[in-house]
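# quick one, structure for this:
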Amino acid sequence: MWSTKRWFQLLFYLMLLIVLVLSLLPIDQPNFSPNDKVNHLLAYAALLVSGYLAHRHLGFAGLFVVLFGVLVEVLQGLTSYRMFSFADMLADSAGVALGCAGILVGKLLLTITGRER
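Purely as a prediction, here's the structure:
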């Protein structure tokens, strides 16, 4: 039987794979709408939280997910149907920051209520 940590690791790496595949699929036209950046923000916040749950190290998860976002943008720049975007990397990094803030607030609340493990 797998431990909870193993399930979170599986979830994290599966989410990374899904984001990578979706990020490299051809699209009809570039999306410059604000919703695109919100999608980046939310996806990378979710990646950060799942990375933290998988490895229980906020610094590792944050750095890994930010570097993953940079890698995705570089790979998109190498295709003929996607493009490299600093704005997307900024939205990705903001998502990581949002996820970190969520983890830290959650830990603080657990400490205040005496439920921290």
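# could you point out which residue ranges in this structure have low pLDDT?
By pLDDT under 70, the weakly predicted segments of the chain are 29-32, 117.
# surely V72 meets L20?
Yes - counting by CB atoms under 8 Å, V72 does reach L20; the two are 6.3 Å apart. The C-beta positions use only the backbone N, C-alpha and C, and glycine is treated the same way.
# so which of those two has more stuff around it?
Taking other CB atoms under 10 Å, V72 and L20 do not tie; V72 has more neighbours (24 against 14).
# which SS class is the more buried one?
At V72 the chain is in helix, as set by DSSP: H, G, I helix; E, B strand; the rest coil.
# please tell me how far it sits from S93.
As judged by CB to CB, to the nearest Å, V72 and S93 stand 12 Å apart.
# ditto for Y44
Noted for Y44: a distance of 8 Å to S93, by CB to CB.
# which residues do these two both contact?
Residues touching both Y44 and S93 by CB atoms under 8 Å, 6 or more residues apart in numbering: G69.
# the two: who's more crowded?
Y44 (28 against 18).
# next, that one: secondary structure please.
helix.
# got the contact list for it?
Counting by CB under 8 Å, 6+ apart, Y44 has contacts V65, G69, A91, D92, S93, A94, G95, V96, G99.
# buried only: go through those for me.
For the contacts of Y44, a burial check counting by 16 or more other CB atoms under 10 Å picks out V65, G69, A91, D92, S93, G95, V96, G99.
# can you name the residues that contact the fourth one?
With CB under 8 Å, 6+ apart as the criterion, the residues that contact D92 are H40, L41, A43, Y44, V65, V66, G69, V72, E73.
# wait, the first one touches L98, no?
No - with contacts counted by CB under 8 Å, H40 stays clear of L98, the gap being 10.9 Å.
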